[in-house]
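Q: Sequence below, structure please.
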Amino acid sequence: MKLWAISDLHVSHAVNRRGLETVGPHPDDWLIVGGDVGESDADLEFCLETLQRRFAKLFWVPGNHELWTLQGDPRRGEAKYLHLVEICRRAGVITPEDPYVLWEGEGGPRLVAPLFVHYDYSFCPDGMTAAEAKARALAAGIESADEHLLKVDPYASSAEWCAARVTLSEARLAAAVARHSCPTVLVNHYPLRGELAVLPSIPEFEAWCGTRRTENWHLRFRAEVVVFGHLHIRQTRVIDGVRFEEVSLGYARQWNQSRTVDSYLRQILPAPSA
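A: Have a look, this model is predicted:
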């Protein structure tokens, strides 16, 4: 029994959609789906239905692409997010709104905590404001599509929504670690530390990659592993003795299609031997 993770499946792209269908059976294993499945309800439903036939339990956290409001979609911001949560719940998938789940397989016990913590543009050089971070990116010719497609209603800004999600998540995590003595597996689409939000070709994009308010969560909430995606740069880092796993598949050009998507699953528990 193993715990695996993958994110940024982007199944609206035909190559990725076909690739997902090649994932083999893992009847005893659990899988974390770390966001950016696609842009539509149909993308999410296809992904969950496909993977549920192959794994014993699924976890999901939202990426920015799921939260986009596309033409004809009446749901915006928090209402869109809660609609996605309901899609997952109907399918029996664990979301950030559900109780955290105790992993008692190999490498356990560990408390698996899916999170939805948004970004607030604070991943930027010290002393820079959110407005300055966005202006810096624009001056470099970089702007996230979120600025046009990701609505934040009923909040006034992404930073305000982020602050609300941080407050909610901190309270839930603090209560959970008080109840359980075991380490945690923290899961969020965005990296929890700014030093991980490094995109060498577009460094200014870090503004759309997280919040400094989570920088110490790996220690504060006793994480053994922190799982994230968003960057499309697969990596394993160890910081303060904690393993950080970026588990993106990415767009078709970013993964080797001579390999199976199955081979891109990252083992989270038990800790891989190499």
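Q: Helices along the stretch 151-274 of the chain, start to end?
A: 158-179, 217-220 (DSSP state H, counting those that start in this stretch).
Q: Now the shortest one: buried residues?
A: Applying a neighbour-count criterion of 16 or more other CB atoms under 10 Å, one finds 217-218 buried in helix 217-220. Any C-beta I mention is one placed from the backbone N, CA and C, and that applies to glycine too.
Q: Quick one: residues contacting residue 260.
A: Residues near residue 260 by CB atoms under 8 Å, 6 or more residues apart in numbering: 19, 22-24.
Q: Distance check, it against residue 1.
A: Using CB to CB, to the nearest Å, residue 260 is found at 21 Å from residue 1.
Q: mind showing which ranges of the stretch 151-274 of the chain have poor pLDDT?
A: Within the stretch 151-274 of the chain, the segments meeting pLDDT under 70 span 274.
Q: try it again with 90
A: 272-274 (pLDDT under 90).
Q: for the stretch 1-150 of the chain, same thing?
A: Ranges of the stretch 1-150 of the chain meeting pLDDT under 90: 72, 106-108.
Q: all strands of it, in order?
A: 3-6, 26-33, 55-60, 101-103, 110-114 (DSSP state E, counting those that start in this stretch).
Q: list the contacts for residue 60?
A: 33, 35, 37, 48, 88, 93-95, 114.
Q: picking up where we left off before, out of the strands of the stretch 1-150 of the chain, deepest packed?
A: strand 110-114 (a mean of 25; mean count of other CB atoms under 10 Å).
Q: who wins for proximity to residue 226 among the helices of the stretch 151-274 of the chain?
A: Checking the helices of the stretch 151-274 of the chain against residue 226 by CB to CB gives helix 217-220 as the closest, at 5.4 Å.
Q: Tell me how far that closest one lies from the chain's centre.
A: 17 Å (CA atoms, centre = their mean, to the nearest Å).
Q: again with stretch 24-44
A: The answer for stretch 24-44 is 12 Å, by CA atoms, centre = their mean.
Q: Straight-line length of that stretch, end to end?
A: With CA to CA, to the nearest Å as the measure, stretch 24-44 spans 19 Å from end to end.
Q: same question, stretch 227-247
A: Start-to-end, stretch 227-247 (CA to CA) is 7 Å.
Q: Show me the contact partners of it.
A: 5-8, 32, 34-36, 63-64, 185-193, 195-199, 209, 218-219, 223-226, 248, 250-251, 254, 264, 266, 268, 271.
Q: try stretch 5-13
A: Contacts for stretch 5-13 (CB under 8 Å, 6+ apart): 16-17, 20, 31-40, 43, 46-47, 63, 65, 187, 189, 227-230, 232, 245, 247-252, 261, 264-266, 268.
Q: circling back to that earlier point, could I get the strands of the stretch 1-150 of the chain in CSV, plus columns for distance to residue 168?
A: CSV is the format used below for the strands of the stretch 1-150 of the chain (distance: least, CB to CB, whole Å):
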stretch, distance to residue 168
strand 3-6, 23
strand 26-33, 20
strand 55-60, 17
strand 101-103, 18
strand 110-114, 12
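Q: For residue 155, which of these is the nearest?
A: strand 110-114 (21.0 Å).
Q: where's residue 7 relative to residue 31, distance?
A: 11 Å.
Q: what do you get for residue 239?
A: For residue 239, the distance to residue 31 - CB to CB - is 24 Å.
Q: do the same with residue 170
A: From residue 170 to residue 31 the distance is 26 Å (CB to CB).
Q: wait, what's in contact with the residue most central in space within the chain?
A: The chain has residue 189 as the residue nearest its centroid, 1.8 Å off, counting by CA atoms, centre = their mean. With contact taken as CB under 8 Å, 6+ apart, residue 189 is in contact with 7, 34-36, 61-64, 116, 228-230.
Q: run the last query once more with 6 Å
A: 34-35, 61, 63, 229-230 (CB atoms under 6 Å, 6 or more residues apart in numbering).
Q: Not counting its neighbours along the chain, what's nearest it?
A: Distances taken as CB to CB, 6 or more residues apart in numbering put residue 35 closest to residue 189, at 3.4 Å, once the chain neighbours are dropped.
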